[in-house]
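Participant: this is the structure alone, sequence omitted:
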């Protein structure tokens, strides 16, 4: 009950989509959306890179498509320690909405504006038809790695067709 109260407080104060707490196995044990039909409670997110990094003691930020909600968001994962412990006993996650970023990107006058991950997968863009497309051609190994993480759904991650040109 106390964990849920704290998660509710942060969710309301920060205006986020959801805040949740996972145990060391990746099982969600408390969540600000616990009463919603798509509640995260009981769901396992151990496969998520933000969980894996935070469980090793390193806070992480990842853009991803929600596997439970089907909505894009920015996930902030942070390790949770007991007293002055060395090893995390869980991970707390805040999922922030992307709509404020998208609103700003759509202010451009004919320019193409986008936000992509290090693999070149477009996550936010004023070109809606490019979302979850790749900025460059992916090798089969790269595409398999991205699909395995489920960060952007199951793919395929079609190429936008952009090419670099050498000058001179």
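Facilitator: Perfect, thanks for sending it. Everything numeric in this text was worked out from a predicted model, so none of it was measured.

Participant: which element is residue 145 on?
Facilitator: Per DSSP states H and E, residue 145 falls inside helix 140-149.

Participant: so what touches that helix?
Facilitator: Residues outside helix 140-149 that contact it (C-beta atoms under 8 Å, 6 or more residues apart in numbering) are 47-49, 119, 121, 138, 152, 154-157. Glycine gets a C-beta too; all of them are placed from N, C-alpha and C.

Participant: buried stuff in stretch 78-86?
Facilitator: For stretch 78-86, a neighbour-count test (16 or more other C-beta atoms under 10 Å) marks 78-80 as buried.

Participant: three-state assignment of residue 6?
Facilitator: helix (DSSP: H, G, I helix; E, B strand; the rest coil).

Participant: need the buried residues of stretch 78-86 in JSON lines (columns: distance to residue 101).
Facilitator: Below are the buried residues of stretch 78-86 laid out as JSON lines (distance: C-beta to C-beta, whole Å):
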{"residue": "78", "distance to residue 101": "21"}
{"residue": "79", "distance to residue 101": "26"}
{"residue": "80", "distance to residue 101": "27"}
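
Participant: residue 32: which of the contacts of helix 140-149 is nearest?
Facilitator: Lowest distance from residue 32 to those (C-beta to C-beta) belongs to residue 48, with 17.5 Å.

Participant: show me what contacts the closest one?
Facilitator: Counting by C-beta under 8 Å, 6+ apart, residue 48 makes contact with 26, 62, 64, 75, 77, 149-151.

Participant: now that we have those, which of them are buried?
Facilitator: Applying 16+ other C-beta under 10 Å to the contacts of residue 48 flags 26, 62, 64, 75, 77, 150-151 as buried.

Participant: in strands only, show me the residues you listed.
Facilitator: 62, 64, 75, 77 (DSSP state E).

Participant: wait, which of the residues you listed is closest to residue 55?
Facilitator: residue 77 (8.5 Å).

Participant: how close does the closest one sit to residue 37?
Facilitator: According to C-beta to C-beta, to the nearest Å, residue 77 stands 24 Å off from residue 37.

Participant: count the residues that sit near residue 54.
Facilitator: By other C-beta atoms under 10 Å, the residues close to residue 54 number 24.

Participant: show me what the lowest-mean-pLDDT helix or strand in the chain is packed up against.
Facilitator: Sorting the helices and strands of the chain by mean pLDDT, DSSP states H and E puts helix 99-105 at the bottom, at a mean of 82. Contacting helix 99-105 under the criterion 3 or more C-beta pairs under 8 Å, 6 or more residues apart in numbering; DSSP states H and E are the following elements: strand 114-116, strand 122-125.
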